[in-house]
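Asker: just coords:
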């Protein structure tokens, strides 16, 4: 396993946060696979609870920022912007910038399969870090951290330089043709808890429009939306 002590020390210097409880940072960098392989070790928790908290904190911060920054944008436009910022590819990009992959306590099996570069794990690590900062320092410092690293992403999104959000595109496509909602269903899960593969389907009026796979539910849903959108567009062109 990679010795991540130097990477964590470098992260602390980068963040410039006077931690009151550095164990929160350690916990934020503890992937579930580490405990899976080290059940007798001193770490009995993983970063999953901090990820849950960080996800909510991030949504609040970004919602407030967009509301104040774009007073002429509609609710739909703000929602679309927020979804593009807090999606897995965007958060993984920030995590790579912070070198969070190298900071993680991770099981040997997960590491051998490329876990330190997996977008879902990196995105979760950033949310966990934000949750830890929120608990240790409060909302103002968490807000500074989030906006310092996500503002460039917002600029890229507005300029059309980031990966597409297929779920939003599919929703907008279908809203023009039907008032019935789309539903995403996890059809299958495979693999151990620390290395699952999810299969998702996107449904409309009881009919499956597309199916996709990923190492997180969000990734699988994005791939399902992409498959559905490509099929629908291809079908509509064929009818012309």
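Answerer: Nice, I can see it. Remember, it's a predicted structure, so these values are computed and weren't measured experimentally.
Asker: Now for this structure, the helix or strand with the poorest mean pLDDT.
Answerer: Within the chain, confidence by mean pLDDT, DSSP states H and E is lowest for helix 32-37 among all helices and strands, at a mean of 78.
Asker: distance between the helix or strand where residue 84 lies and the chain's centre?
Answerer: Element membership of residue 84 [criterion: DSSP states H and E] is helix 75-85. Centroid separation for helix 75-85 versus its chain: 15 Å, with Cα atoms, centre = their mean, to the nearest Å.
Asker: for stretch 219-238, same thing?
Answerer: With Cα atoms, centre = their mean, you get 21 Å for stretch 219-238.
Asker: mind listing what's buried in that stretch?
Answerer: 219, 220, 221, 222, 223, 224, 225, 226, 227, 228, 229, 232 (16 or more other Cβ atoms under 10 Å). Bear in mind the C-beta positions are built from the backbone N, C-alpha and C, glycine included.
Asker: between those, which is closest to residue 48?
Answerer: Using Cβ to Cβ, residue 219 comes nearest to residue 48 of the buried residues of stretch 219-238, at 16.8 Å.
Asker: Am I right that the closest one is in a helix?
Answerer: Yes. Assignment of residue 219 by DSSP: H, G, I helix; E, B strand; the rest coil places it within a helix.
Asker: And the spatially most central residue of the chain, how far from residue 126?
Answerer: With distances taken as Cα atoms, centre = their mean, residue 88 lies nearest the centre of the chain, 3.2 Å away. Note on residue 88: its distance to residue 126, by Cβ to Cβ, to the nearest Å, is 10 Å.
Asker: give me every residue that touches the residue nearest to residue 81 when sequence neighbours are not counted.
Answerer: Of all residues not flanking residue 81 in the chain, residue 66 sits nearest, at 5.6 Å (Cβ to Cβ, 6 or more residues apart in numbering). Residue 66 makes contacts with 73, 78, 81, 82, as judged by Cβ atoms under 8 Å, 6 or more residues apart in numbering.
Asker: Which helix or which strand is home to residue 66?
Answerer: helix 48-69.
Asker: before we move on, what about residue 170?
Answerer: Counting by DSSP H and E, residue 170 is part of helix 166-175.
Asker: Give me the sheet partners of whatever helix or strand comes next after that helix and which way each runs.
Answerer: Note on helix 166-175: by DSSP H and E, the next helix or strand toward the C-terminus is strand 182-190. Applying DSSP bridges, strand 182-190 is found paired with strand 197-204 (antiparallel).
Asker: Can you check what angle separates the partner strand from helix 166-175?
Answerer: Here the directions of strand 197-204 and helix 166-175 differ by 20 degrees (axes from the mean of the first three to the mean of the last three Cα atoms, to 10 degrees).
Asker: so how far is the first residue of stretch 104-114 from its last?
Answerer: 12 Å (Cα to Cα, to the nearest Å).
Asker: Pull out the buried positions in that stretch.
Answerer: Those buried within stretch 104-114 under the rule 16+ other Cβ under 10 Å are 104, 105, 106, 107, 110, 111.
Asker: just those residues now: which is nearest residue 60?
Answerer: Nearest to residue 60 out of the buried residues of stretch 104-114 is residue 104 (Cβ to Cβ; 25.3 Å).
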